[in-house]
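J.: Predicted model and sequence below, questions to follow.
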Amino acid sequence: MSGSAVPGRRRFLTTGAAVVGAAASGQVLLAGTARAAQSPLPAGVFSLGVASGDPLPDAVVLWTRLAPDPLHGGGMPQRAVAVEWQISEDSRFRRQVRRGYAWARPEYGHSVHADVRGLRPDRHYWYRFRTSGQLSPVGRTRTAPAASAAGSRLRLALASCQNWQHGYFTPYADMRAQDPDLVVFVGDYIYESTSPITSIREHEGTGEPFSLVQYRNRYAQYKTDPDLKAMHAAAPFVVTFDDHEVDNDFAGDLPQDPDKQSPEAFAARLTAAYQAYYEHMPVRATAVPNGPHIRMHRRLDFGRLVRLNMLDTRQFRSDQATSQAGALDPAMTMLGAEQKQWLLDGLHGSQARWNLIASQIMMAETDVKLGDGKAWFYDAWDGYQVERNALLAEFANVSNPVVLSGDRHVTMISDLKLDFADPRSAVVGAEFVGTSISSGGDQNSAAFHRQMDPLKADNPHWKVIDNHRGYHLFDIRQAGIDAQVRIADTVTRPTSASRTLATLRVDSGKPGVRTV
Ligand SMILES: [Fe+2]
């Protein structure tokens, strides 16, 4: 991050002529009025860093949250604070192209979401915030290519599952060095639950969060990880949540343990968890929660190269099956009728060469029963097989569908088949299950392969399985996707070397994935 000096007032006034858009006089007046009435803020309001997300060809969301005392409610006075944002074509802010003001309001944890418009497509921008004489770190972001652009390459990183207790988020240091255009995060940004593995780092607080303040403190703690903070400042994220942002294995409005959490108590918990999620993520105002509901499924286009469909596989799903017959029940839904139709419309109406589907949970079959018969994980798509198989049947008429998922804390790279029950069934797509940033901690690789390799005969669609911590990196071009499984040697120390464990290729027009 570059440590640019605070521009003086005169400099702001003289550069104002070049600045258009949200710096219009009304908002400047707003900030002036607010400033006059405010006493200085405590030092360190930018302790949680900066982030950007959901890039469009002409827009990106810039995020920060003012929190001088991040682990104890934030430490801000109970009043709205005007925060100036600045965005520039260079890291030293000599070519500022936009600036404006946004309110950091106490009812949203003094978070700031500036949806900056009027930018140029497919280029880097640098941004920062200023309030009460304090200047934030500098972040860098990148807009999406123009809608009509063919696109030469999109470098995308897939991440999920960062358990503070299980390790340092060292894979992000390597991810930053790989300089992706975009990070897709498919869930478990925080963990609500305590863990037997607490030897590396302990959660703040005294147990699981239930209230808004408790969730805020948990997010704030996670955001103090230096590698996560630096990665957010280096590239835009497109995020969605899975279960641990709320409660392990929850389904819609049903908690993991309905005997312990009443419907009213769980609705209050969802409301708190979703609000804290919104407050800490670089997402548009479309994601402002409405009580115990939040809209997270959405689409982002990167020219005619990539369409990215972000799914919500938590809020609209049926409660998990408890038997094989239940997993095969046609009434079971993962997406809900409205989201399913939205996804099909987006896939069939796509102009993009590559149609990515970011699903929090694994789509390919995982049969964990050796030999005859099947045993599945009911929380994943295996528990919702009729809907999964109907979706896979649609893939045959979609341009290059590729599923990106997480949840499993292992790498699993698979062909997606029309019917996993039939080994000769057609391949209709590819799936990358992108291991975890830290969840599960350092694992014994030999023991994993002793246990899992014999299952390969039952799961012939698996191409790579592995249990190191890390992420997946994709170079997406018209002709194909080159993928790397990047793994860290350890997450038990704050720094680690990383390496490529496997390289894979998905060729355009040829469903499936192969190792190279
Ligand atoms: Fe996880």
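T.: Right, received. Where do you want to start? Numbering: from 1, shown residues only.

J.: List the contacts of Trp126.
T.: Counting by C-beta atoms under 8 Å, 6 or more residues apart in numbering, Trp126 touches Ser2, Ile87, Ser88, Glu89, Asp90, Ser91, Phe93, Val138, Gly139, Arg140, Thr141. Backbone N, C-alpha and C define where each C-beta goes, glycine included.

J.: Just the buried ones among the residues you listed, please.
T.: The neighbour-count criterion (16 or more other C-beta atoms under 10 Å) marks Ile87, Ser88, Phe93, Val138, Gly139, Arg140, Thr141 among the contacts of Trp126 as buried.

J.: Show me which helix runs longest in this protein.
T.: Assignment by DSSP state H gives helix 263-280 as the longest helix of the chain.

J.: What separation is there between Phe420 and the ion?
T.: Noted for Phe420: a distance of 23 Å to the ion, by C-beta to the ion, to the nearest Å.

J.: Spell out which residues of this protein are next to the ion.
T.: Listed as neighbours of the ion in the chain under the rule C-beta under 5 Å from the ion: Cys161, Asp188, Ser439.

J.: Swap in 8 Å and give it another go.
T.: With C-beta under 8 Å from the ion as the criterion, the chain meets the ion at residues 160-161, 163, 187-188, 191, 242-244, 406-409, 436, 439.

J.: In the chain, where is pLDDT below threshold?
T.: Flagging of the chain using pLDDT under 70 yields the residue ranges 1-38, 198.

J.: Which two among the residues of the chain next to the ion are spaced furthest apart?
T.: Greatest spatial distance in the residues of the chain next to the ion: Tyr191 and Arg408, 15.0 Å, computed using C-beta to C-beta.

J.: now the helices for the stretch 51-200 of the chain?
T.: Along the stretch 51-200 of the chain, counting by DSSP state H, counting those that start in this stretch, helices occupy 171-178.

J.: so of the contacts of Trp126, which ones are in strands?
T.: Ile87, Ser88, Gly139, Arg140, Thr141 (DSSP state E).

J.: can you tell me which of those residues lies nearest to Arg284?
T.: Among the ones in strands among the contacts of Trp126, Thr141 lies closest to Arg284 (C-beta to C-beta), at 14.2 Å.

J.: How about that closest one: what's its closest non-neighbour residue?
T.: Ser52 (3.7 Å; C-beta to C-beta, 6 or more residues apart in numbering).

J.: how far away is Lys456 from the ion?
T.: 23 Å.

J.: Contact partners for the residue of the stretch 301-450 of the chain found nearest the ion?
T.: Distances from the stretch 301-450 of the chain to the ion, computed as C-beta to the ion, single out Ser439 as the nearest residue at 4.6 Å. With contact set as C-beta under 8 Å, 6+ apart, Ser439 has these partners: Cys161, Gln162, Asn163, His166, Asp188, Tyr191, His409, Arg469.

J.: Out of those, who's the most crowded?
T.: Counting neighbours by other C-beta atoms under 10 Å, the top entry in those is Arg469, with 32 neighbours.

J.: That one against Gly434, yeah?
T.: No - assessed by C-beta atoms under 8 Å, Arg469 is found out of contact with Gly434, at 10.9 Å.

J.: what residues are up against Phe395?
T.: Counting by C-beta under 8 Å, 6+ apart, Phe395 touches Leu347, Pro401, Leu416, Val428, Gly429, Pro511.

J.: What of Asp243?
T.: Applying C-beta under 8 Å, 6+ apart to Asp243 gives the contacts Gly187, Asp188, Asp249, Phe250, Arg314, Asp379.

J.: If we use 7 Å, what do you get?
T.: Shown in contact with Asp243 (C-beta atoms under 7 Å, 6 or more residues apart in numbering): Asp249, Phe250, Arg314.

J.: Return the closest of the ones in strands among the contacts of Trp126 with respect to Pro226.
T.: Proximity of the ones in strands among the contacts of Trp126 to Pro226 (C-beta to C-beta) peaks at Gly139, which lies at 14.5 Å.

J.: What separation is there between the closest one and the ion?
T.: Plainly put, Gly139 is 26 Å away from the ion if you go by C-beta to the ion.

J.: same check, this time on Thr131
T.: Thr131 is 35 Å from the ion, by C-beta to the ion.

J.: List the beta-bridge partners for that residue.
T.: With DSSP bridges as the criterion, Thr131 is bridged to Gln134.

J.: my read: it touches Val83, true?
T.: Yes - shown here, Thr131 and Val83 form a contact pair, counting by C-beta atoms under 7 Å, at 4.5 Å.

J.: hmm, which two among the contacts of Ser439 are most spread apart?
T.: Among the contacts of Ser439, Tyr191 and Arg469 lie farthest apart (C-beta to C-beta), at 14.6 Å.

J.: In the stretch 201-350 of the chain, what residue lies closest to the ion?
T.: Using C-beta to the ion, the closest approach of the stretch 201-350 of the chain to the ion is made by His244 at 5.8 Å.

J.: In contact with that residue, which residues?
T.: Neighbouring residues of His244 by C-beta under 7 Å, 6+ apart: Asp188, Ile190, Tyr191, Glu192, Ser193.

J.: how about it, secondary structure?
T.: coil (DSSP: H, G, I helix; E, B strand; the rest coil).

J.: still on that earlier bit, tabulate the ones in strands among the contacts of Trp126 (a markdown table), appending distance to Ala446.
T.: Shown next, in a markdown table, are these (distance: C-beta to C-beta, whole Å):
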| residue | distance to Ala446 |
| --- | --- |
| Ile87 | 49 |
| Ser88 | 50 |
| Gly139 | 41 |
| Arg140 | 40 |
| Thr141 | 41 |
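
J.: Need the CA coordinates for stretch 427-434. CSV is fine.
T.: Provided in CSV are the C-alpha atoms of stretch 427-434 (Å, rounded to 0.1, in the frame of the first residue of the first chain):
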residue,chain,number,x,y,z
VAL,A,427,-20.0,-35.2,-18.9
VAL,A,428,-21.8,-31.8,-19.0
GLY,A,429,-19.5,-29.6,-17.0
ALA,A,430,-16.7,-29.2,-14.5
GLU,A,431,-16.5,-28.4,-10.8
PHE,A,432,-13.8,-27.0,-8.6
VAL,A,433,-14.2,-27.3,-4.9
GLY,A,434,-11.7,-24.8,-3.7
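
J.: What is the distance between it and the centre of its chain?
T.: 18 Å (C-alpha atoms, centre = their mean, to the nearest Å).

J.: residues making contact with it?
T.: Contact with stretch 427-434 is made by 158-160, 362-364, 392, 395-396, 401-406, 408, 410-418, 471-472, 483, 506, 511-513, as judged by C-beta under 7 Å, 6+ apart.

J.: Stretch 458-470 now?
T.: If you take C-beta under 7 Å, 6+ apart as the criterion, stretch 458-470 is touched by 167, 171, 364-367, 369-370, 410-415, 417, 420, 423, 435-438, 443, 445, 448, 452, 456, 485-488, 491, 498, 501-502, 504, 513-515.

J.: let's go with 6 Å and repeat that
T.: Residues outside stretch 458-470 that contact it (C-beta atoms under 6 Å, 6 or more residues apart in numbering) are 171, 364, 367, 410-415, 417, 423, 435-436, 438, 443, 448, 452, 456, 486-488, 491, 501-502, 513, 515.

J.: for stretch 76-94, same thing?
T.: With contact meaning C-beta under 6 Å, 6+ apart, stretch 76-94 is reached by 2, 4, 31, 34, 62, 66, 95-106, 110, 112, 114, 116, 125-131.

J.: Count the neighbours of Gly336 for me.
T.: Counted with other C-beta under 10 Å, residues neighbouring Gly336 total 18.

J.: Check Ser47 too.
T.: For Ser47, the neighbour count with other C-beta under 10 Å is 20.

J.: What distance do you get for the nearest residue to it once chain neighbours are set aside to Gln484?
T.: If the residues on either side of it in the chain are set aside, Ser47 comes closest to Pro70, at 5.0 Å by C-beta to C-beta, 6+ apart. Pro70 sits 34 Å away from Gln484, taking C-beta to C-beta, to the nearest Å as the criterion.

J.: ranges for the helices of the stretch 351-500 of the chain?
T.: Secondary structure of the stretch 351-500 of the chain by DSSP H, counting those that start in this stretch: the helices cover 385-395, 445-452.
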